[in-house]
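**Student:** Only the shape, not the letters, is given here:
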């Protein structure tokens with residue numbers, strides 16, 4: 001599972017951490033690999049934005065280990081699902097996809113939200129205040145919960 005946003009310091013790290021938390025809480029952390037990347041290279045190697053880390057901490061998540069990286073074509077091979085945080089990321093990723101099979105791996109995070117507000121884009125909180133980071137995290141939590149519930153039957157080992 002790979003979550004993708006612009007610089008990999010706000011939205012996609014939130015989604016990575018939240019989705020991993022859902023997997024761990026379900027006892028499936030060893031069966032799910034949750035990571036993130038950015039379409040751009042501006043922040044490669046940097047920690048997540050401090051406001052991202054603080055928003056995650058306020059809700060009991062740990063985003064302190066995150067280091068930004070840029071999406072590469074190898075990510076298509078390594079990932080079963082590539083989840084874009086907004087339609088601009090989805091378009092960029094689709095244009096980079098080497099094959100139709102890779103394009104088929106693309107999804108928008110908010111397309112999984114059971115109660116969408118009409119938009120499929122998770123807004124970028126980078127130029128906003130801390131409150132927007134909390135709002136974006138809430139959107140990511142809701143959609144990630146729905147995505148995890150949809151995937152859980154396929155992830156859970158059969159006995």
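**Tutor:** Here it is on my side, so go on. What you are looking at is a predicted structure, and each value in this text was computed from that prediction instead of being measured. Numbers count the residues shown, from 1 in each chain.
**Student:** Doesn't residue 126 belong to a helix?
**Tutor:** No - under the criterion used here (DSSP: H, G, I helix; E, B strand; the rest coil), residue 126 is coil, not part of a helix.
**Student:** Show the contacting residues for it.
**Tutor:** Contact analysis of residue 126 by Cβ atoms under 8 Å, 6 or more residues apart in numbering lists 7, 9, 10, 49. C-betas here are computed from N, CA, C, even on glycine.
**Student:** The last one and residue 134, how far apart?
**Tutor:** Okay, so that is residue 49. 13 Å (Cβ to Cβ, to the nearest Å).
**Student:** Look at these two and report which has more neighbours.
**Tutor:** Between residue 49 and residue 134, counted using other Cβ atoms under 10 Å, residue 49 has the larger neighbour count: 22 against 16.
**Student:** How many residues are close by the residue lying closest to that one once chain neighbours are set aside?
**Tutor:** Excluding the flanking residues, the one nearest residue 49 by Cβ to Cβ, 6 or more residues apart in numbering is residue 9, at 4.6 Å. Neighbours of residue 9 under the rule other Cβ under 10 Å: 25.
**Student:** okay, among the contacts of residue 126, which ones form the most distant pair?
**Tutor:** With Cβ to Cβ as the measure, no two of the contacts of residue 126 lie farther apart than 7 and 49, at 8.6 Å.
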